[in-house]
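Student: Have a look at this prediction, sequence included:
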Amino acid sequence: MTSGNPEKERLIKNLMDQGYLRTKKVISVFGKIPREEFVMESDRAFAYADYPLSILSGQTISAPHMVAIMTELLEPETKDKVLEIGAGSGYQAAILSKLVKKIYSIEVDPELVSFARSNLSKASVKNVEVIMGDGSKGYEKAKPYDKILVTCATPEIFDSWISQLKMNGILLAPVGGGFYQELMKIRKTKKGLEKKNHGGCAFVPLRT
Ligand code: SAH
């Protein structure tokens, strides 16, 4: 790691020690993306603390360890086309942008659509398209996807997501309501959906 930022390097080391960051390529990307460009101006000093931070419209940028967990579970490959539900700050998409070919990120809140676009542009990320819309319907236009990543708490796995996912594709989503969800990893196979629970998490709710 040679980011030249001691706080960033400490965070990455902690995420590795705690087992959240596991693969070489994901570790290297955490070093490359400037999280300070994705938080509010007033929170820049906390950009490398391992907790969520408030952004606009009562939403949050996920804690770095949650971004690490989700990025690793998604098994990113360079050929992948990914759909993200909930662009928020754009940080999760920025991390993925260095690991996959193309990301479509849907965001329901107009203020956050602009926030994510501007942050991604400041970080010189070019392969993420932020689209305004309701992600519970997925994004028909660019289907099918190798991976789908839901970054807001969803009451259910919508059929639209499964139908827009490629065979053998992976869908990752915090399923549940209120303040607590289960992080579910679902693989679409010829025999049906393989589901695995990766434990408790707390995301802001999906809004429709
Ligand atoms: N991935 C983000 C964190 C997202 S927070 C990051 O890295 O910063 C969850 C986001 O989901 C919020 O921005 C919220 O506005 C958005 N969201 C909620 N309901 C949605 C919906 N139905 N469609 C698309 N986005 C939605």
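Tutor: Sure thing, it's come through. Numbering: from 1, shown residues only.

Student: mind listing the strands for the protein?
Tutor: 53-54, 60-61, 81-85, 102-107, 128-132, 145-150, 165-175, 181-189, 192-201 (DSSP state E).

Student: Turn those into CSV, columns for mean pLDDT.
Tutor: Listed next are the strands of the chain as CSV, based on pLDDT from 0 to 100:
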stretch, mean pLDDT
strand 53-54, 97
strand 60-61, 96
strand 81-85, 98
strand 102-107, 98
strand 128-132, 98
strand 145-150, 98
strand 165-175, 98
strand 181-189, 98
strand 192-201, 97
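
Student: okay if I get those as TSV plus distance to the ligand and mean neighbour count?
Tutor: No exception for glycine: its C-beta is placed from N, CA and C like everyone else's. Formatted as TSV, the strands of the chain follow (distance: least, Cβ to the nearest ligand atom, whole Å; neighbours: other Cβ atoms under 10 Å):
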stretch	distance to the ligand	mean neighbour count
strand 53-54	9	16
strand 60-61	4	21
strand 81-85	5	25
strand 102-107	5	25
strand 128-132	9	18
strand 145-150	8	25
strand 165-175	10	20
strand 181-189	12	18
strand 192-201	12	12
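
Student: Output those as CSV; include the columns distance to T208.
Tutor: Shown next, in CSV, are those (distance: least, Cβ to Cβ, whole Å):
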stretch, distance to T208
strand 53-54, 22
strand 60-61, 19
strand 81-85, 11
strand 102-107, 12
strand 128-132, 14
strand 145-150, 13
strand 165-175, 15
strand 181-189, 17
strand 192-201, 20
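
Student: ok, and the closest non-adjacent residue to the most centrally placed residue in the chain?
Tutor: Closest to where the C-alpha atoms of the chain average out (Cα atoms, centre = their mean) is Q92, at 3.7 Å. Using Cβ to Cβ, 6 or more residues apart in numbering and skipping the chain neighbours, the partner closest in space to Q92 is V67 (5.3 Å).

Student: Could you list the low-confidence segments of this protein?
Tutor: For the chain, the stretches flagged by pLDDT under 70 are 1-3.

Student: The ligand contacts on that one?
Tutor: Contacts of the chain with the ligand, taken as Cβ under 6 Å from any ligand atom, map to 59-62, 85-86, 88-89, 91-92, 106-109, 112, 134-136, 151-152, 204, 206-208.

Student: can you tell me which residues contact R10?
Tutor: By Cβ atoms under 8 Å, 6 or more residues apart in numbering, R10 lies in contact with Y48.

Student: Distance check, it against M66.
Tutor: According to Cβ to Cβ, to the nearest Å, R10 stands 18 Å off from M66.
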